[in-house]
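# I would like to see how this sequence folds:
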Amino acid sequence: MYDSIMSISARNALSRLSETVAGNGVGSAASTVAPQAVPATPGASFGEVLSQMTDSVGQKLQAAEATSIQGIKGDAPVNEVVSSVMEAEQSLQTAIAIRDKIVQAYLEISRMSI
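As a prediction, the model looks like this:
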């Protein structure tokens, strides 16, 4: 089940969004607006952070699926199954909310006149 969900990969959607943003020159505008007084700190890029989040959500979904299968077999207690599924659902809802905010921000930026 997880594999079928990930075939519609969020990574592909994010890469398409990144390509679109790069094509419109939106990504370069953000770097010119940044204040000069604050030095850039080395760290993960926005894409890397989103990739890590996607991987984390995927791992939680896989763990919930495995726990559910164990619960069906009778190898895992019901409270463990419910806890695992609820944690995965909360992670997925958070990822969906973040995706919606990213899309909303992109659409707002694309409507700006240059």
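# contacts for stretch 85-94, please.
The set of residues external to stretch 85-94 that reach it, using C-beta atoms under 8 Å, 6 or more residues apart in numbering, is 56-57, 60-61, 63-64, 67-68. No exception for glycine: its C-beta is placed from N, CA and C like everyone else's.
# can I get the buried part of those as one PyMOL selection?
If you want just the buried ones from the contacts of stretch 85-94 in PyMOL, going by 16 or more other C-beta atoms under 10 Å, the selection is:
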select buried, resi 57+60+61+64+67+68
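# for the contacts of stretch 85-94, give me TSV that also has pLDDT, distance to Phe46 and secondary structure.
As requested, the contacts of stretch 85-94 are arranged in TSV below (pLDDT from 0 to 100; distance: C-beta to C-beta, whole Å; DSSP: H, G, I helix; E, B strand; the rest coil):
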residue	pLDDT	distance to Phe46	secondary structure
Ser56	93	16	helix
Val57	94	17	helix
Lys60	95	21	helix
Leu61	95	23	helix
Ala63	95	26	helix
Ala64	96	27	helix
Thr67	96	32	helix
Ser68	96	33	helix
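# residues contacting Ser56?
Applying C-beta under 8 Å, 6+ apart, we find Ser56 in contact with Ser91.
# what about it, distance to Arg111?
Using C-beta to C-beta, to the nearest Å, Ser56 is found at 32 Å from Arg111.
# ok, now Met86?
According to C-beta to C-beta, Met86 stands 38 Å off from Arg111.
# of these two, which one has the most company?
Between Met86 and Arg111, counting by other C-beta atoms under 10 Å, Met86 is the more crowded of the two (11 against 7).
# on the three-state scheme, Asp55 is what?
Three-state assignment for Asp55 (DSSP: H, G, I helix; E, B strand; the rest coil): helix.
# count of neighbours near Gly71?
18.
# the one 3 residues further on too?
A count of nearby residues for Gly74, using other C-beta under 10 Å, gives 7.
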